[in-house]
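A.B. asks: Starting from these lines, generate the structure:
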Amino acid sequence: MKGALLFIAIFALSMLVIPMIALNSRPPPPPDQPPVAPLPPAQPYYSVSGDELLPPVGPPVSPVDISVGPGVQTADGDRLRGEPPLSSVPGVSYFRVLDERTGEIHTVPLRDYVRGVVAAEMPASFHPEALKAQAVAAHTFALHQHMVQQRIPDPALRGADFSADPQGRMGFVTEEVARLIFGYREDEHWQIVTDAVDAVLELILKHEGEPIVAAFHAISAGATEYASNVWTGSAPYLIPAPSQGDLLAPGFESVETFDAPMLRRLLLEHRPGIAFGEDPADWLEILERSSSGYVTTIRVGDATIRGIDLRRALYLRSHHFEIELDGQEFTFTVRGYGHGVGLSQRGAEHMARGGASFEEILANYYPGAGLYRVAVAGR
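C.D. replies: Numbers count the residues shown, from 1 in each chain. A predicted model of the protein is given here:
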């Protein structure tokens, strides 16, 4: 076995997870777009300054990073005392962001970018430790995306590290847009976001020497999901994690109804060629669930598809659902919001309100990843 793939997602709907649906994002969630690819180990990687030769990225050798230096999290999530060690992976002082609306490529300083992600992804009323956890995840994911583009440039990005829709509050917002979101408390809330980001700006998560794919979503179904059940490939730190606080989250459960003709039309748009019988009672059958309860496979007419694909076709809030049929009407009771992989934003808030630090939150949702300081370098 060659080892687990390090895979790419489109950050916050355009990269993630994402979708990495954010708490502050507008519904309904668009379909997930998580292209996943291994990072090729054949070529060496130079730091952004061009001075330092770093080892190439390859598949993780072991499922757990058991480096135990000061401040590193152990495989079972215990947090050690002391300052996180300095990472050998160079940081960057800014990211290049492709504006999906205008087509422009913006050069965004690191601090502004991370503040913009936190403002877009979490309410400023969340606990500071939850905001810090989100900031570390955002920085880590962006750095991972930057490294991917250094090695396997996507022509569609035209030299950018990733894309976002700042005006649409998708993935990242400018300070100007954030202040509009915050309204009359703009100064107070922007300062809250700034304080959280400044406290952790030099910190990232790594596994096997590389920044992790720090996926996140709004609300899990009570436990997070295996990345391999959502995207192609897997990562040993994106595995089910307990997130019981999500059960108390506003919007944890939602209900969607479809009459039989609409359901058939939506599913055929997603998967042309499916044959449906005359009796709607024979159209859908859940075949398999993951250990976290998410639907992994479902029979649709004469085809078998993934639960995440049915979610995309019907624009459900997640792929953790139950189905009821009453005559010609299908009712989906859906739990959670988002793909369910990685950090749950509502779960992080619940943990923080219960006294957990941002380090403990990150250790819960990314087991086996280590927390490191990164030296911010220019390009």
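A.B. asks: Phi, psi for Ser243 please.
C.D. replies: When read as degrees, to the nearest 10, the backbone of Ser243 gives phi -150, psi 60.
A.B. asks: Please give the element, helix or strand, for the residue lying closest to it once chain neighbours are set aside.
C.D. replies: Once flanking residues are discounted, Ser243 sits nearest to Gly347: 3.6 Å by Cβ to Cβ, 6 or more residues apart in numbering. All C-beta spots, glycine's among them, are computed from the backbone N, C-alpha and C. Element membership of Gly347 [criterion: DSSP states H and E] is helix 345-353.
A.B. asks: Please give the element, helix or strand, for Lys206.
C.D. replies: Assigned by DSSP H and E, Lys206 falls in strand 203-207.
A.B. asks: Quick one: residues in contact with that strand.
C.D. replies: By Cβ atoms under 8 Å, 6 or more residues apart in numbering, the residues outside strand 203-207 that reach it are 60, 65, 84, 87, 89, 91, 136-137, 139-140, 143, 211-212, 214, 235-237, 362, 366, 368-374.
A.B. asks: And for stretch 117-132?
C.D. replies: Outside stretch 117-132, the residues that reach it (Cβ under 8 Å, 6+ apart) are 12, 22-25, 134-135, 138, 142, 169-173, 178, 181-182, 185, 188-190, 192-193, 195-197, 199-200, 216, 345, 348-349, 351-353, 356-358, 361.
A.B. asks: Just the C-alphas of that stretch, formatted as CSV.
C.D. replies: In CSV, the C-alpha atoms belonging to stretch 117-132 read as follows (Å, rounded to 0.1, in the frame of the first residue of the first chain):
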residue,chain,number,x,y,z
VAL,A,117,-11.7,33.9,6.8
VAL,A,118,-12.6,34.0,10.5
ALA,A,119,-15.0,36.8,9.9
ALA,A,120,-16.7,34.9,7.0
GLU,A,121,-16.8,31.6,8.8
MET,A,122,-17.8,32.3,12.4
PRO,A,123,-19.9,34.8,14.2
ALA,A,124,-17.7,37.2,16.3
SER,A,125,-20.0,36.2,19.2
PHE,A,126,-18.3,32.8,19.3
HIS,A,127,-15.9,32.0,22.2
PRO,A,128,-12.3,33.3,21.5
GLU,A,129,-10.9,29.8,21.7
ALA,A,130,-13.3,28.6,19.0
LEU,A,131,-12.2,31.7,16.9
LYS,A,132,-8.6,30.8,17.4
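A.B. asks: which parts of that stretch are buried?
C.D. replies: 117-124, 126-127, 129-132 (16 or more other Cβ atoms under 10 Å).
A.B. asks: Also stretch 135-153?
C.D. replies: Buried, per 16+ other Cβ under 10 Å, within stretch 135-153: 135-149.
A.B. asks: Narrow the contacts of stretch 117-132 to those in helices?
C.D. replies: Applying DSSP state H to the contacts of stretch 117-132, the entries found in helices are 134-135, 138, 142, 178, 181-182, 188-190, 192-193, 195-197, 199-200, 345, 348-349, 351-353, 358, 361.
A.B. asks: so where's this protein shaky on pLDDT?
C.D. replies: 1-83, 86-88, 377-379 (pLDDT under 70).
A.B. asks: That one - how does it break down into domains?
C.D. replies: 11-248+340-373, 253-335 (automatic domain parsing).
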